[in-house]
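**Q** any chance you could fold what I've pasted below:
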Amino acid sequence: MTTNGGALPTVPRTWRPLGPRIAAATFGVVLVGAFAWLWIQFDDETRARVNNLEKVTVVFFILLGLFLLNGLARSRVVASADGLTIVNGYRTRRLSWAEVGTVRMPQGAPWPHLQQGEDHKISLLGIHASDGARAATAVRELRALVAGHQA
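**A** Numbers count the residues shown, from 1 in each chain. Below you'll find the model as predicted:
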């Protein structure tokens, strides 16, 4: 954490979005629970009419939904002595501090991004604007680390 003296946050430091993680967990439970409840509510005759292909299809879509929610929940930004590791869904990027660029958080944007040159941006889904003050603190900390390693 930064101190009043302006010290850099200690590394390693990991930022994860709180709101999207809570939403992913909640929707995952609701998704599985709703389909389980629905299956239990079917009478024996209705359950007997559902063939294996239909069961596999429903299970596939439940698993797909859980896979997408997990991708959202696992997003993070990790600062280490060597640079940044950015995990957006299932894609991981590792950047040295020299490659990082500028941290930008435009007004109204859902998350910050790294500006690398004029045309290249990397979204930082590990810091989410819906987290309010927590996200603002994370952006300030990340900017301080970037500035400290570029000096």
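
**Q** now for the helix or strand harbouring Val78, which elements pack on it?
**A** Using DSSP states H and E, the element containing Val78 is strand 76-79. Applying 3 or more C-beta pairs under 8 Å, 6 or more residues apart in numbering; DSSP states H and E, we find strand 76-79 packed against strand 13-15, strand 83-88, helix 133-150. For every residue, glycine as well, the C-beta is placed using N, CA and C.

**Q** what's the closest of these to Pro110?
**A** Within these, the stretch nearest Pro110 is helix 133-150; the backing value is 9.7 Å (C-beta to C-beta).

**Q** just the buried positions in that closest one, please.
**A** Arg134, Ala135, Thr137, Ala138, Val139, Glu141, Leu142, Ala144, Leu145, Val146, His149 (16 or more other C-beta atoms under 10 Å).

**Q** looking at those, spot the one nearest His120.
**A** The shortest separation between His120 and any of the buried residues of helix 133-150 is 15.7 Å, and it belongs to Val146 (by C-beta to C-beta).

**Q** the closest one reaches Ala98, doesn't it?
**A** No - with the criterion set as C-beta atoms under 8 Å, Val146 and Ala98 do not qualify as a contacting pair; they are 10.7 Å apart.

**Q** any weak-confidence spans in the protein?
**A** For the chain, applying pLDDT under 70 flags the ranges 1-7, 151.

**Q** domain ranges for it, per the record?
**A** Residue ranges for each domain of the chain read 20-72, 76-150, as given by automatic domain parsing.

**Q** ok, now which ones touch Arg134?
**A** When contacts are counted by C-beta atoms under 8 Å, 6 or more residues apart in numbering, Arg134 is found next to Leu18.

**Q** if I look at it, how far off is Thr46?
**A** According to C-beta to C-beta, to the nearest Å, Arg134 stands 47 Å off from Thr46.

**Q** again, but for Thr14
**A** Thr14 sits at a distance of 47 Å from Thr46 (criterion: C-beta to C-beta).

**Q** and if you look at Asn52?
**A** Here Asn52 is placed at a distance of 15 Å from Thr46 (C-beta to C-beta).

**Q** ok, those two, which is more surrounded?
**A** Using other C-beta atoms under 10 Å as the criterion, Asn52 and Thr46 rank with Thr46 on top: 10 against 7.
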